[in-house]
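Quick one, fold the following:
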Amino acid sequence: MNPRAILIFDPEEAVRDSLHFVFTEEGFQCFSTGTEVQALRVLLAESINLLIIDSQVSGLQTLLETIKKAHPSLSIILLSSYSEAEVTQKALVHGADDFVLKPLDFDELIIQVRTMLTTAPK
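Sure thing, here's the model as predicted:
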């Protein structure tokens, strides 16, 4: 299993592409998707260690519960904005491990991802 496999789930193609580029350049194996169906397919087919998911994903709380039930050791980072404090709090209760505020600071996000992947239970 690749301990550096990331799934990026964001409805916005530009965000997905940017994150995919940044993390690939940092040596991570990246998968990206814009839909729930595709995200669940990747999680079934690949050994993903970390999910980066946007807070604007439809049905976020239910999706997080479903994912955590099927993949309890998967680390999850939520991409959120200041105006979504309530959504972020609920997501943390329903399975997200941490969050990053938008606009994204890629250097900070890379550090956060590395930290989560090195401290995550094996």
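
The lowest-mean-pLDDT helix or strand in the chain packs against which elements?
Sorting the helices and strands of the chain by mean pLDDT, DSSP states H and E puts helix 85-93 at the bottom, at a mean of 84. Other helices and strands packing on helix 85-93, by 3 or more C-beta pairs under 8 Å, 6 or more residues apart in numbering; DSSP states H and E, are helix 60-70, strand 75-80, strand 98-101. For the C-beta atoms, the positions are set from N, CA and C on the backbone; glycine is no exception.

Tabulate these (JSON lines), appending mean neighbour count.
JSON lines is the format used below for the helices and strands packed on helix 85-93 (neighbours: other C-beta atoms under 10 Å):
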{"stretch": "helix 60-70", "mean neighbour count": "16"}
{"stretch": "strand 75-80", "mean neighbour count": "22"}
{"stretch": "strand 98-101", "mean neighbour count": "16"}
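
where among those is the average confidence lowest?
Mean pLDDT values for these show the minimum at strand 98-101, a mean of 88.
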